[in-house]
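S.K.: dropping a prediction and its sequence here:
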Amino acid sequence: MSVKKWVMRDADKGIANTLSEKFNIDPFIAYLLVARGIDSELAFSDFVSESVKLVSPFDFMDMNRAADAVKSAISNNERICIFGDYDCDGVTSTAIMLSFLRKKGADVFHYIPSREGEGYGLNINAIDEIAKKGANLIITVDNGISAIEEAEHIYSLGMKLVVTDHHQPSKTLPRAEAVVNPHRNDNNLEFKDYCGAGVAFKLICAIDENNIDNLVDEYIDLVAIGTIGDVVPLIGENRVFVREGLKKINNDPTPAIKAFKDINSDKTYSANDIAFQLCPKINAVGRMSHANAAVDFLMSSDYIQCAFKFKELCSENTNRQEEEKSILDDVALQIEKNPQLVSNRVIVISGSGYHQGVVGIVASHIVEKYSKPAIIIGIDENGIARGSARSVEGFNIFEAISACSEDIIQFGGHPLAAGVTLKQENIEAFAKRINEYALSEYEIMPPQKVVIDCMLSPYYLNLDLVNNLSVLEPYGASNPQAVFRINRMKLISVTPMSEGRHIRLELEKRGRTIRVVKFSSPYDEFPYVKGDYLDLAVKISDNFFNGKRYLSIQALDIRLSSADDEKYFKEKNDYELYIQTNKADKSMYPQRDISAEVYRYLSANSGYRYGIDNLYFRLQDKLNFSQLMFSLKAFEESGLININADKISVNSVKQRVSLESTSALSTLKERIGLEQ
């Protein structure tokens with residue numbers, strides 16, 4: 001369980017009160033909105049409005065040219081190819097454009113590259129194949145902005161190109177009839193954070209500009225799924241897309257959505273439900289086999305076919321989960337054998353045969369567990385290594401990889417996620433170089449954060465608050481579900497759920513008892529005991545059971561009320577700097593009384609099995625992180641304890657031991673200049 005920094009939002013109460021009165025909205029909800037930066041009348045009005053306000057598609061540079069090129073191809077009966085991508089955004093983008101053009105009578109087909117065989121975006125072999133099929137015009141969706149050489153190849157074969165993409169453009173745009181991208185500097189857009197499906201939808205609105213209401217009715221569910229799946233901010237027009245898309249999903253579902261909803265047909269589906277129940281299954285097909293199956297699923301008008309195809313998606317998702325577990329198990333084994341891997345500032349782990357469709361998910365798990373940037377690299381039979389990187393807010397992984405470009409064949413991405421290709425023999429040098437970059441550019445590594453909207457008494461956690469919070473929906477990136485901090489709750493009991501994979505806590509404060517669920521927190525790994533006073537970061541919602549509505553409280557993070565995270569992050573950073581650079585000072589050395597305190601605690605508790613970070617918080621008022629670590633190293637070297645995967649066991653040792661003579665402490669003494 002990684003330690004996260006808790007960050008409290010803040011708001012101008014005067015502005016919140018003014019907006020609350022003007023828009024007749026609950027003052028507490030107004031406070032939450034202002035704390036999220038929605039602090040002007042216009043922004044507030046747009047956020048709480050139920051109307052469908054769409055900006056003109058022609059505010060995008062080149063949109064006129066794109067629409068004209070497509071309309072010309074249709075009227076001249078030219079063959080059109082939609083070139084998509086294999087993730088949820090690319091699949092929905094492809095389905096939107098393909099369905100629309102077919103209904104317009106176009107001669108159209110689609111091409112999505114295979115993740116394993118071709119990788120992301122336009123490639124020369126694919127273009128040649130498309131040319132053989134007689135295409136005159138290629139329209140990219142969710143890709144194409146960086147395809148400079150590929151665009152020239154398209155024109156050399158006598159075809160034309162229209163690019164629709166939402167990824168960051170470089171200074172040079174590809175040759176095309178039109179390049180539609182919200183991040184172009186010459187757009188007339190205030191809001192730019194569209195996904196590929198949003199940009200594709202804007203193009204069909206430009207082509208059929210007199211029929212936009214019908215286009216919303218027909219395609220807004222696909223736009224919403226792509227928007228949710230690509231984790232773009234759910235603000236501005238994206239909020240409208242998702243809000244209206246969820247209405248269609250719940251009230252007027254297509255055969256594909258009906259097949260998906262048969263899991264729980266009476267449920268009202270939220271953005272979170274789509275994000276965690278549908279999008280991963282669409283993504284799984286592109287990861288494990290080919291995304292064409294997902295396009296066919298979304299576009300089929302036959303319910304029985306959709307139900308069959310959805311089972312295929314579910315099966316591929318199961319395969320993805322099994323592959324993910326296999327890689328995670330191998331990564332855990334490597335870390336157990338070489339703990340230094342996770343002491344580095346950037347975790348770099350490689351393995352033969354890692355499935356390329358899964359390494360990014362594994363990297364996300366490692367970031368979550370260790371609160372550090374992680375790069376997981378799979379090596380193929382030819383010695384080519386392809387990795388996927390994930391990061392924490394504040395550490396730009398794309399810039400870090402860019403700084404190591406001499407070790408790399410190819411790379412791309414953005415601040416929080418990136419991909420990299422290199423030769424197997426260069427992995428070690430790359431790992432060394434990227435950690436040297438992290439050391440030189442980041443004096444203190446940014447921690448993962450839990451952003452908390454407000455501190456509340458447990459008495460205010462009730463169904464009335466759930467009702468009021470519905471104004472904030474739909475939830476997603478940049479508009480997450482509200483998180484509340486509740487302090488000094490006494491732990492009464494811990495109950496395992498789902499065979500110990502999750503837990504339910506009972507806590508009490510001043511006569512108010514609440515029950516809280518903590519998912520993905522195994523019962524036997526929960527580090528707190530009855531009688532502990534805990535602070536919790538929680539989300540609330542409602543839950544229906546046997547026809548009755550109940551309050552549901554879910555814990556995102558839990559810590560001892562006495563915990564000081566500022567002290568922890570500084571001290572752990574100091575210790576890791578020592579490991580990487582030998583930089584040390586006298587405060588790191590554990591004097592005998594401090595080591596004795598640690599050993600007494602371990603002896604009294606027959607060791608400790610909840611990880612060194614949690615042990616630190618139990619002893620935080622008595623020592624610093626380095627003192628704890630050097631005490632443990634000395635104990636282990638002396639045979640007093642064993643440490644295995646963060647679990648500490650105490651040995652029975654009869655002879656007297658000298659901690660000062662261990663290499664752990666004698667080396668530290670030498671480096672900080674203490675007398676031997």
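M.R.: Nice, thanks for sending it over.

S.K.: packing partners of the lengthiest helix in the chain?
M.R.: Longest helix of the chain, by residue count under DSSP state H: helix 303-337. Packing contacts for helix 303-337, counted by 3 or more Cβ pairs under 8 Å, 6 or more residues apart in numbering; DSSP states H and E, involve helix 255-261, helix 279-288, helix 292-299, helix 340-343, strand 347-352, helix 359-370. No exception for glycine: its C-beta is placed from N, CA and C like everyone else's.

S.K.: rebuild those as JSON lines, extending it with mean neighbour count and mean pLDDT.
M.R.: Formatted as JSON lines, those follow (neighbours: other Cβ atoms under 10 Å; pLDDT from 0 to 100):
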{"stretch": "helix 255-261", "mean neighbour count": "22", "mean pLDDT": "95"}
{"stretch": "helix 279-288", "mean neighbour count": "24", "mean pLDDT": "94"}
{"stretch": "helix 292-299", "mean neighbour count": "22", "mean pLDDT": "96"}
{"stretch": "helix 340-343", "mean neighbour count": "15", "mean pLDDT": "88"}
{"stretch": "strand 347-352", "mean neighbour count": "20", "mean pLDDT": "96"}
{"stretch": "helix 359-370", "mean neighbour count": "21", "mean pLDDT": "94"}
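
S.K.: compare those and give me the one nearest residue 190.
M.R.: Nearest of the helices and strands packed on helix 303-337 to residue 190, taken as Cβ to Cβ: helix 279-288 at 27.2 Å.

S.K.: okay, and residue 556 sits in which element?
M.R.: Using DSSP states H and E, residue 556 sits in strand 548-560.

S.K.: so how far is that strand from its chain's centroid?
M.R.: Strand 548-560 has its C-alpha centroid displaced from the chain centroid by 21 Å (Cα atoms, centre = their mean, to the nearest Å).

S.K.: related to what we said a few turns ago, how much does the longest helix of the chain deviate in direction from helix 359-370?
M.R.: On the basis of axes from the mean of the first three to the mean of the last three Cα atoms, to 10 degrees, helix 303-337 is oriented at 50 degrees to helix 359-370.

S.K.: okay, angle between helix 303-337 and helix 292-299 too, please.
M.R.: Going by the same axes, to 10 degrees, helix 303-337 makes 140 degrees with helix 292-299.

S.K.: name whatever forms a beta bridge with residue 493.
M.R.: With DSSP bridges as the criterion, residue 493 is bridged to residue 506.

S.K.: is it true that it touches residue 530?
M.R.: Yes - at 6.5 Å, residue 493 counts as touching residue 530 under the criterion of Cβ atoms under 8 Å.

S.K.: quick one: low-confidence ranges for this protein?
M.R.: Regions of the chain meeting the criterion pLDDT under 70 cover residues 1, 264, 674-676.

S.K.: run the last query once more with 80
M.R.: Counting by pLDDT under 80, the chain shows low-confidence ranges at 1, 263-266, 412-413, 545-547, 645-646, 654, 673-676.

S.K.: my guess is residue 130 meets residue 111, correct?
M.R.: Yes - judged on Cβ under 8 Å, residue 130 makes contact with residue 111 at a distance of 5.8 Å.

S.K.: intersection of neighbour lists for the two?
M.R.: Listed as contacting both residue 130 and residue 111 by Cβ atoms under 8 Å, 6 or more residues apart in numbering are 81, 83.

S.K.: centroid-nearest residue for the protein?
M.R.: residue 364 (6.8 Å; Cα atoms, centre = their mean).

S.K.: quick one, phi psi at the spatially closest residue to that residue that is not a sequence neighbour?
M.R.: Among residues not flanking residue 364 along the chain, residue 390 sits closest, at 4.9 Å (Cβ to Cβ, 6 or more residues apart in numbering). Residue 390 has phi and psi values of phi -130, psi 150 when expressed as degrees, to the nearest 10.

S.K.: then residue 109?
M.R.: Torsion angles, degrees, to the nearest 10, at residue 109: phi -140, psi 170.

S.K.: how close does it sit to residue 67?
M.R.: 20 Å (Cβ to Cβ, to the nearest Å).

S.K.: neighbour count winner among these two?
M.R.: residue 67 (23 against 16; other Cβ atoms under 10 Å).

S.K.: got a list of what the more buried one touches?
M.R.: 57, 203, 206, 207, 209.

S.K.: widest-spaced pair of those?
M.R.: The widest separation within those (Cβ to Cβ) is 10.9 Å, between 203 and 209.

S.K.: tell me, what's touching the two both at once?
M.R.: Counting by Cβ under 8 Å, 6+ apart, the residues touching both residue 203 and residue 209 are 57, 67.

S.K.: neighbour count for those two, which is higher?
M.R.: residue 203 (25 against 14).

S.K.: next up, identify which helix or strand that one is on.
M.R.: Using DSSP H and E, residue 203 falls in helix 196-207.

S.K.: next SSE after that helix?
M.R.: helix 212-229.

S.K.: so which elements touch that following helix?
M.R.: If contacts are counted by 3+ Cβ pairs under 8 Å, 6+ apart, helix 212-229 sits against helix 88-103, helix 196-207, helix 236-251, helix 279-288.

S.K.: so what angle separates the directions of that helix and helix 88-103?
M.R.: Helix 212-229 and helix 88-103 are oriented at 160 degrees to each other (the same axes, to 10 degrees).

S.K.: export helix 212-229 to CSV, keeping only CA atoms.
M.R.: Only the C-alpha atoms of helix 212-229 are listed here, as CSV (Å, rounded to 0.1, in the frame of the first residue of the first chain):
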residue,chain,number,x,y,z
ILE,A,212,-26.9,18.3,-35.8
ASP,A,213,-29.8,17.5,-33.5
ASN,A,214,-30.3,14.1,-35.2
LEU,A,215,-26.5,13.5,-35.2
VAL,A,216,-26.6,14.0,-31.4
ASP,A,217,-29.5,11.6,-31.1
GLU,A,218,-27.7,9.0,-33.2
TYR,A,219,-24.0,9.1,-32.2
ILE,A,220,-23.8,10.8,-28.8
ASP,A,221,-23.5,7.4,-26.9
LEU,A,222,-20.4,6.5,-28.9
VAL,A,223,-18.9,9.9,-28.4
ALA,A,224,-19.5,9.5,-24.6
ILE,A,225,-17.9,6.1,-24.5
GLY,A,226,-14.8,7.3,-26.4
THR,A,227,-14.6,10.4,-24.2
ILE,A,228,-14.8,8.4,-21.0
GLY,A,229,-12.5,5.7,-22.3
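
S.K.: tell me what angle that helix forms with helix 236-251.
M.R.: Angle of helix 212-229 versus helix 236-251, following the same axes, to 10 degrees, is 100 degrees.

S.K.: quick one: helix 212-229 to helix 196-207, angle?
M.R.: 170 degrees.

S.K.: any idea how far residue 634 is from the residue nearest to residue 84 when sequence neighbours are not counted?
M.R.: Nearest residue to residue 84, sequence neighbours excluded (Cβ to Cβ, 6+ apart): residue 94, at 3.4 Å. Residue 94 is 60 Å from residue 634, where distance means Cβ to Cβ.

S.K.: which residues does stretch 634-645 contact?
M.R.: Contact with stretch 634-645 is made by 332, 335-336, 590, 595, 598-599, 602, 607, 632, 648-651, 653, 657-659, 662-665, as judged by Cβ under 8 Å, 6+ apart.

S.K.: narrow those to those that are buried.
M.R.: Neighbour counting with 16 or more other Cβ atoms under 10 Å marks 335, 590, 595, 598-599, 602, 607, 632, 648, 650, 659, 662, 664-665 as buried within the contacts of stretch 634-645.

S.K.: for those residues, give me JSON lines that also has distance to residue 239 and secondary structure.
M.R.: Compiled in JSON lines, those are given as follows (distance: Cβ to Cβ, whole Å; DSSP: H, G, I helix; E, B strand; the rest coil):
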{"residue": "335", "distance to residue 239": "40", "secondary structure": "helix"}
{"residue": "590", "distance to residue 239": "53", "secondary structure": "coil"}
{"residue": "595", "distance to residue 239": "56", "secondary structure": "helix"}
{"residue": "598", "distance to residue 239": "51", "secondary structure": "helix"}
{"residue": "599", "distance to residue 239": "56", "secondary structure": "helix"}
{"residue": "602", "distance to residue 239": "52", "secondary structure": "helix"}
{"residue": "607", "distance to residue 239": "51", "secondary structure": "coil"}
{"residue": "632", "distance to residue 239": "49", "secondary structure": "helix"}
{"residue": "648", "distance to residue 239": "49", "secondary structure": "strand"}
{"residue": "650", "distance to residue 239": "55", "secondary structure": "strand"}
{"residue": "659", "distance to residue 239": "59", "secondary structure": "helix"}
{"residue": "662", "distance to residue 239": "59", "secondary structure": "coil"}
{"residue": "664", "distance to residue 239": "55", "secondary structure": "helix"}
{"residue": "665", "distance to residue 239": "57", "secondary structure": "helix"}
